[in-house]
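[1] pasted the sequence and its predicted model underneath.
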Amino acid sequence: MNNSNTEHFIHGVTQKTLQTFPDDRGFFREILRYNEEVFSEGQFAQWSHSKMSKNVVKAWHFHHRQTDWWYVALGTIEAVLYDYRPESPTHEQKMQFILSGDDSSSSNLIRIPPGVLHGLKVLSDTAHLLYITSQIYDPEDEGRIPYNDPSIPHDWGHDVITVPRDRTLHIPSYARVQVDA
């Protein structure tokens with residue numbers, strides 16, 4: 001794909017290119033069906049919406065039990081995934097995507113499995129991220145590593161906007177779902 005780093009891939013991460021049908025009124029875009037391979041868990045627990053401003057960075061987050069499906073409805077973000085799972089065949093691989101709701105060539109749905117670090121930076125004036133999760137929000141399951149941790153090979157740039165929880169470390173206290181290699 002022209003909007004992602006395909007030099008590397010991360011085991012369990014799936015990307016679905018979305019088809020857009022424009023007309024004089026705007027466009028129609030189907031995002032996800034329950035029976036698609038990208039939704040293989042077949043478990044829907046929560047649907048959330050995050051509106052963010054330019055230069056907001058939300059990183060690094062991960063989960064021990066939860067799978068996420070990300071879709072940008074409006075605006076543009078840089079989404080970055082990093083395989084933090086030691087048992088994974090793609091351990092320490094990184095993937096980068098430009099996701100945009102405004103440009104049909106960058107309209108994608110991304111599936112992020114447990115244990116994969118994920119973060120984003122807003123590139124447009126605002127961005128709306130819609131995401132489905134396989135579990136109801138559990139603050140104990142949301143692991144965090146500071147956005148600027150030097151052990152993760154990514155630089156979000158200067159003049160970023162973060163909140164205190166994106167500058168803290170939290171590792172869930174229970175075991176993580178393991179990768180099937």
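    Thanks, I have it.

[2] who's in contact with the closest residue to residue 94 other than its chain neighbours?
    Leaving out its chain neighbours, the residue that sits closest to residue 94 by C-beta to C-beta, 6 or more residues apart in numbering is residue 82, at 5.0 Å. Any C-beta I mention is one placed from the backbone N, CA and C, and that applies to glycine too. Applying C-beta atoms under 8 Å, 6 or more residues apart in numbering, we find residue 82 in contact with 10, 60, 92-95, 116-118, 152-154.

[3] how about the residue lying farthest from the centre of the chain, phi and psi?
    Largest separation from the mean C-alpha position in the chain: residue 24, at 31.5 Å (C-alpha atoms, centre = their mean). The phi/psi pair for residue 24 (degrees, to the nearest 10) reads phi -60, psi -20.

[4] sorry, back to before: just say helix, strand or coil for the residue nearest to residue 94.
    Under DSSP: H, G, I helix; E, B strand; the rest coil, residue 82 falls in the strand class.

[5] quick one: residue 123 and residue 163, what's the gap?
    Residue 123 sits 19 Å away from residue 163, going by C-beta to C-beta, to the nearest Å.

[6] elements contacting the one helix or strand residue 59 maps to?
    Under the criterion of DSSP states H and E, residue 59 resides in strand 57-63. Counting contacts by 3 or more C-beta pairs under 8 Å, 6 or more residues apart in numbering; DSSP states H and E, strand 57-63 packs against strand 116-122, strand 142-144.

[7] I'd like the ones you listed as a markdown table, with distance to residue 87 appended.
    Output for those, formatted as a markdown table (distance: least, C-beta to C-beta, whole Å):
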| stretch | distance to residue 87 |
| --- | --- |
| strand 116-122 | 13 |
| strand 142-144 | 16 |
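
[8] rank those by pLDDT, which is bottom?
    Here the lowest mean pLDDT among these goes to strand 142-144, at a mean of 95.

[9] give me the mean pLDDT for stretch 72-80.
    96.

[10] need the residues that contact it.
    By C-beta under 8 Å, 6+ apart, the list of residues contacting stretch 72-80 reads 52, 59, 70, 94-103, 106-107, 110, 118-130, 154.

[11] inside strands: which ones of the residues you listed?
    Taking DSSP state E as the definition of strands, the contacts of stretch 72-80 contribute 52, 59, 70, 94-100, 110, 118-122, 126-130.

[12] returning to that earlier point: each with direction, which strands does the strand holding residue 59 pair with?
    strand 116-122 (antiparallel), strand 142-144 (antiparallel) (DSSP bridges).

[13] how about the helices in the chain?
    In the chain, no helices are defined using DSSP state H.
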